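dropping a prediction and its sequence here:
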Amino acid sequence: MTGQRGKKTPAKTDESDLLRAALDGVKPLARRNRVVLQPPRPLPIAAQRLRDDHQALLDTLSDAPAWEQGLESGEELVFRRDGLSLQHLRKLRRGHWKIQAQLDLHGLISSEARTQTAAFLAEAIRKGLRCVRIVHGKGLSSPNREPVLKKKVAAWLAQKDEVLAYCQAPASEGGGGAVLVLLRGSGNR
């Protein structure tokens, strides 16, 4: 058999034969004074802590409307935290802040929507996002064609200290079926 450049290569021998030849004359060690190592135990999962954290997340948002919710008359959702200038709300309405994340609640029941909203807000705050959109829908598929989640989302948002303001999204961003939310920045604590 010839390899590259016309050099002859030895025929391949079975690798197990090579191993046997290399280990010929090797004797196993005596069994005394050996330490048997156990594989490391996996870290315990703090299941109760996970359940407590999940419940705390759910408890941060209740269905009870906040007294300071500040809804204007009519159906448009508007909220501005005390101490925040009206200029910030105007900027939010005009799209001054880029929408950095979105949550769509279509098809969810109230309890699922509350859980998802709480988790979404917690993640947005953790990432330092300033402006997010929550699509709650217009309620066209709901009984009596009323938006069930619209008022609940408004109440949930007003309960979060990290929410500085929110308003109904412009028509191009979801209109009456969505809300733009301005979150507290890292320097606004």
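Nice, I can see it. Residues are numbered from 1 along each chain as shown.

got phi/psi on residue 181?
phi -120, psi 130 (degrees, to the nearest 10).

using PDB, write out every CA atom in the lowest-mean-pLDDT helix or strand in the chain.
Here the helix or strand of the chain ranked lowest by mean pLDDT, DSSP states H and E is helix 47-59, holding a mean of 77. Taking Å, rounded to 0.1, in the frame of the first residue of the first chain, the C-alpha atoms of helix 47-59 are listed here in PDB:
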ATOM      1  CA  ALA A  47     -38.500  23.800  46.000                       C
ATOM      2  CA  GLN A  48     -40.300  25.600  48.800                       C
ATOM      3  CA  ARG A  49     -38.400  28.800  48.100                       C
ATOM      4  CA  LEU A  50     -39.300  28.600  44.400                       C
ATOM      5  CA  ARG A  51     -43.000  28.200  45.400                       C
ATOM      6  CA  ASP A  52     -42.700  31.100  47.900                       C
ATOM      7  CA  ASP A  53     -41.100  33.400  45.200                       C
ATOM      8  CA  HIS A  54     -43.800  32.500  42.700                       C
ATOM      9  CA  GLN A  55     -46.500  33.200  45.300                       C
ATOM     10  CA  ALA A  56     -44.900  36.500  46.200                       C
ATOM     11  CA  LEU A  57     -44.800  37.500  42.600                       C
ATOM     12  CA  LEU A  58     -48.500  36.700  42.300                       C
ATOM     13  CA  ASP A  59     -49.300  38.600  45.500                       C
END
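
sort out which residues of that helix are buried, please.
Neighbour counts over helix 47-59 (16 or more other Cβ atoms under 10 Å) mark residue 57 as buried. For every residue, glycine as well, the C-beta is placed using N, CA and C.

now do the helices in this structure.
All helices of the chain, identified by DSSP state H, fall at 15-22, 47-59, 86-93, 110-127, 148-158.

just want the angle from the longest one to helix 148-158.
Read it as helix 110-127. In terms of direction (axes from the mean of the first three to the mean of the last three Cα atoms, to 10 degrees), helix 110-127 departs from helix 148-158 by 40 degrees.

neighbouring contacts of helix 110-127?
Residues outside helix 110-127 that contact it (Cβ atoms under 8 Å, 6 or more residues apart in numbering): 57-58, 60-61, 63, 100-101, 103, 105, 108, 132, 134, 136, 148-149, 152-153, 156-157, 160, 162-163, 181, 183-184.

among these, which ones are buried?
Of the contacts of helix 110-127, these count as buried by 16+ other Cβ under 10 Å: 57, 60-61, 101, 103, 105, 108, 132, 134, 136, 148-149, 152-153, 156-157, 160, 162-163, 181, 183-184.

spatially central residue for the chain, please.
The residue lying closest to the centre of the chain (Cα atoms, centre = their mean) is residue 123, at 4.9 Å.

returning to what we had before: which among the helices of the chain is found nearest to residue 37?
helix 15-22 (25.5 Å; Cβ to Cβ).

what average pLDDT does the closest one get?
The average pLDDT within helix 15-22 is 88.
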